[in-house]
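[1] missing the sequence, but the structure's below:
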DNA sequence: TATGAATGAGTATTCATTCAT
DNA sequence: AATGAATGAATACTCATTCAT
């Protein structure tokens, strides 16, 4: 249900095992390059080489370089949304503080798994014309947070969600870039920022 | 103490008027391009053309393309620091809340003057190996904020300063990117975030 | 006497029905692509896809892309010769004018059946190193016309045949390219050109 | 008055001598390659190498490969029109036969100067989206011939001009392709074809 | 000092062809 | 016989940088 003529969506949905492996190898190679060299080092030839395939093969799976990035972003958003949904579900009915904690924790877990990659992808996301699916994933995430806030009677839930996402991102970005990796410490600060904005006495 | 053989510092400290004008023209041209086309459109030929000089001349003032960006970043940091110093000075002895307000306001004023440019430069800054002077300017700014916090008895002033800068940037970035330009509204939200983190009842 | 190891002749003379059908499908796919996209769009993958087979299969029937074109040209020449032979036979003993009319008519009928294809093939023919059989077909056609001219006492029949073929092609080419498809009008003009060259008062 | 943003017109009108020479060298290199290898061998790297410049230089003068071809075509059309205008002027007032002779002769002279080049360019012209100037040159040529025919009372001068141009091209093309280079012989045959079509007893 | 012509390594992308399954 | 995944040389084009004038 994925393919189409866009330059952003993968070319062939791999059906054979070999195909799936190749496709995954390409994505992983791209991810690794993003982690180590940033988008500057991300050339199609480099990706193909690191993936152990030829450029031609790369282009059988992705119609353009951008499509590789787009797919990585899509996967990231998908994973992230799943994490958030899980977090929110667990904290259901336990008060805003618990819900916020759960989301902060999910977000951090996500970012600290592959910090450099998450960083790089969030940055690429800004310059990329996203495909519909990714746009939807982002909207779903936003709605999820807005919903939680509204359920707990938070004022102006849309704007608040926007700001909370923004400030969280600011803090995590900077921390990751500074090389921090102490989950608990970061979580405490992030919780403080979020709770502070919400006016919850943490 | 400005010039050197580094690829990041301008080649000649302009003493003559013409030189200064040329140099400024190049920088302004680069700034305008960053605003309109982002770093993707920033080619040396394009900059030179828009500045009304030849590429050769451009390379007489800047040893490499990066040096232009580095200089723009340096100027931005310099301006920003000056704004902050002024803000802090004005709010001296009037309590933390006022000091925070002044800084938030200074930061926002800075970002909203040329939003696209500020955005672009802050982004370039991350990928650039900064020259000593800029590094010092950033350190000064950090120290300034740390000083204010410490003076008002804030706990862990370094870390707090770091987080406040990070979350502010997160919020302003997102707002600018979303096209917001309502200074007052943005200021209110930013103040809320900062005050919240600091535990000040806004 | 058809197959050989040349890159221009089909690889296997299809004996089984399935083979013949596959071979025909490939040729028809190539023809359709030539008609719609010209030789620029004629990629082996595209041909295979449109023919409903895999590239591998395509290469089992044709040793190289050129071979497909060569075969299309061969078939075109074969058909054309057959048409001419028929035309000449019908007009036998009825005078030069009638013979010319018959040939002009046969030629036009041929070109207007699939105008874009005829055009494309005649063009490809020029850049292709033709196989013996096609060369023979062209020679036969030439001889046929030369024979008709000689039989009617035309001077320098070889050269005249050459020129008549050339000028006819020029007119038909241009007309087809201009999108003309009025058979009768075109026939009148073509007859006029041929008769004029021959000095027959039309 | 030449430059614009189109992909078909040259990029910079060379003002310095060196520029003019480089530009000419590129065009001549392209012409030579067309003569020897046809459009298949016409790669930008090949052209640049033969011209003795780098690819980068080539792209400073022409925004795309097509632009080189377009410029060659333009020059050819320009030369040809000039020749025709001269021919028509000379034959003015001397009857249709003389006018036709003059035009036939001009056309042939043109084609036999660099036969392979003329051939190649006329062919490329068909696949190229022509720039306005070239389109105008072709229209002028057409009008010139139409004018001559009309002046001498020829019926349906537009259609006749079209057919005469087409059949001439057919004959000359074929002759050139066959390696003929006997000007007088070719002229006689061409005159015969044209006169024949016009119903003039040659 | 200024110019702008020239450079050439580097980039994304295509496509005829091969070959393991 | 058939498939389609994989190959990689080739192609058009860009852009930071140099250098002769």
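    That came through fine. All of these numbers come straight from a predicted model, not from anything done at the bench.

[2] quick one, domains of chain A?
    Here the domain parsing of chain A from automatic domain parsing is A:17-64, A:66-198.

[3] what's the closest of those domains to residue B:22?
    domain A:17-64 (29.5 Å; C-beta to C-beta). (Each C-beta comes from the backbone N, C-alpha and C, glycine too.)

[4] ok, the closest residue to chain B within chain A to residue A:190 distance?
    Across chain A, the shortest distance to chain B (C-beta to the nearest C-beta) belongs to residue A:170, at 1.9 Å. According to C-beta to C-beta, to the nearest Å, residue A:170 stands 10 Å off from residue A:190.

[5] residues touching residue A:39, list them.
    Neighbouring residues of residue A:39 by C-beta atoms under 8 Å, 6 or more residues apart in numbering or on different chains: A:69, A:120, A:123-124.

[6] related to what we said a few turns ago, now the domains of chain A as a markdown table including distance to DNA strand F and mean pLDDT?
    Formatted as a markdown table, those follow (distance: least, C-beta to the nearest atom of the strand, whole Å; pLDDT from 0 to 100):
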| stretch | distance to DNA strand F | mean pLDDT |
| --- | --- | --- |
| domain A:17-64 | 2 | 94 |
| domain A:66-198 | 14 | 95 |
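
[7] Distance to residue D:101 added to these, as a markdown table?
    Below are these laid out as a markdown table (distance: least, C-beta to C-beta, whole Å):
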| stretch | distance to residue D:101 |
| --- | --- |
| domain A:17-64 | 58 |
| domain A:66-198 | 62 |
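
[8] Compare the ones you listed and give me the one nearest DNA strand E.
    domain A:17-64 (3.2 Å; C-beta to the nearest atom of the strand).

[9] longest single helix anywhere in chain A?
    Criterion DSSP state H: the longest helix present in chain A is helix A:65-90.

[10] May I see the buried residues of it?
    A:65-74, A:76-77, A:80-81, A:83-84, A:87-88 (16 or more other C-beta atoms under 10 Å in any protein chain shown).

[11] One more: stretch A:190-199?
    In stretch A:190-199, counting by 16+ other C-beta under 10 Å, buried: A:190-198.

[12] Mind picking the one among the residues you listed that's closest to residue A:157?
    For those, the nearest to residue A:157 is residue A:198 (10.9 Å; C-beta to C-beta).

[13] Run through the residues that contact the closest one.
    Per C-beta under 8 Å, 6+ apart, neighbours of residue A:198: A:96, A:100, A:154, A:160, A:164, B:196.

[14] how many other residues sit next to the residue of chain A found nearest chain C?
    Proximity of chain A to chain C (C-beta to the nearest C-beta) peaks at residue A:60, 10.1 Å away. By the measure other C-beta atoms under 10 Å in any protein chain shown, the count of residues near residue A:60 is 18.

[15] What strand or helix carries it?
    Secondary structure assignment for residue A:60, by DSSP states H and E: helix A:55-61.

[16] got a list of contacts for that helix?
    A:10-12, A:14, A:19, A:22-23, A:26, A:44-45, A:47-48, A:51, A:68.

[17] Write out the residues of chain A neighbouring DNA strand E.
    By the rule C-beta under 7 Å from any atom of the strand, the part of chain A lying against DNA strand E is A:42-45, A:55-56, A:59, A:63-66.

[18] Are any of the residues you listed buried, and if so which?
    A:42, A:44, A:63, A:65-66.

[19] touching chain B at all, stretch A:95-114?
    No: for a cut-off given as C-beta under 8 Å from any C-beta of the partner chain, stretch A:95-114 has no contacts with chain B; the smallest distance is 12.5 Å.

[20] Which ones among the contacts of helix A:55-61 lie within helices?
    Filtering those for helices - DSSP H - leaves A:19, A:22-23, A:26, A:44-45, A:47-48, A:51, A:68.

[21] Now for those: which two are most distant?
    Based on C-beta to C-beta, the longest span within the ones in helices among the contacts of helix A:55-61 runs between A:19 and A:45 and measures 20.9 Å.

[22] Quick check: the residue of chain A nearest chain D.
    Closest point on chain A to chain D, by C-beta to the nearest C-beta, is residue A:45, at 18.2 Å.

[23] which ones are touching that residue?
    Applying C-beta under 8 Å, 6+ apart to residue A:45 gives the contacts residue A:55.

[24] coming back round to it: of the contacts of residue A:198 - the most surrounded one?
    Neighbour max across those (other C-beta under 10 Å) = residue A:100, 25 neighbours.

[25] Please name the nearest non-neighbouring residue to it.
    residue A:194 (5.5 Å; C-beta to C-beta, 6 or more residues apart in numbering or on different chains).

[26] which residues does that neighbour contact?
    A:100, A:104, A:164, A:167-168.

[27] so which two of those residues are the farthest from each other?
    Longest span within the contacts of residue A:194, C-beta to C-beta: A:100 and A:167, 12.6 Å.

[28] returning to that earlier point: give the ChimeraX command for selecting the buried subset of the contacts of helix A:55-61.
    Those of the contacts of helix A:55-61 that count as buried under 16+ other C-beta under 10 Å are selected in ChimeraX with:
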select /A:10,11,14,22,23,26,44,47,48,51,68
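
[29] Pipe the contacts of helix A:55-61 into a markdown table and attach distance to residue C:135 per row.
    Converted to a markdown table, the contacts of helix A:55-61 look like this (distance: C-beta to C-beta, whole Å):
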| residue | distance to residue C:135 |
| --- | --- |
| A:10 | 48 |
| A:11 | 42 |
| A:12 | 42 |
| A:14 | 47 |
| A:19 | 45 |
| A:22 | 46 |
| A:23 | 48 |
| A:26 | 48 |
| A:44 | 44 |
| A:45 | 44 |
| A:47 | 49 |
| A:48 | 44 |
| A:51 | 48 |
| A:68 | 50 |
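
[30] How about the secondary structure of residue A:155?
    coil (DSSP: H, G, I helix; E, B strand; the rest coil).

[31] Please list the residues of chain A that sit near chain B.
    So chain A meets chain B at A:38, A:40, A:126-127, A:159, A:162-163, A:165-171, A:173-175, A:177-178, A:189, A:192-193, A:195-199 (C-beta under 8 Å from any C-beta).

[32] cutoff 7 Å now
    Counting by C-beta under 7 Å from any C-beta of the partner chain, the residues of chain A close to chain B are A:38, A:162-163, A:166-167, A:169-171, A:173-174, A:189, A:192-193, A:196-197, A:199.

[33] filter those residues by proximity to chain D?
    Counting by C-beta under 7 Å from any C-beta, nothing from the residues of chain A next to chain B sits close to chain D.

[34] Keep only those of these that are in helices.
    Among these, DSSP H puts A:162-163, A:166-167, A:169-171, A:173-174, A:189, A:192-193, A:196-197 in helices.

[35] State the number of residues packed around residue A:145.
    22.

[36] Of all the domains of chain A, which one is nearest residue D:146?
    Closest of the domains of chain A to residue D:146 is domain A:17-64, at 49.0 Å (criterion: C-beta to C-beta).
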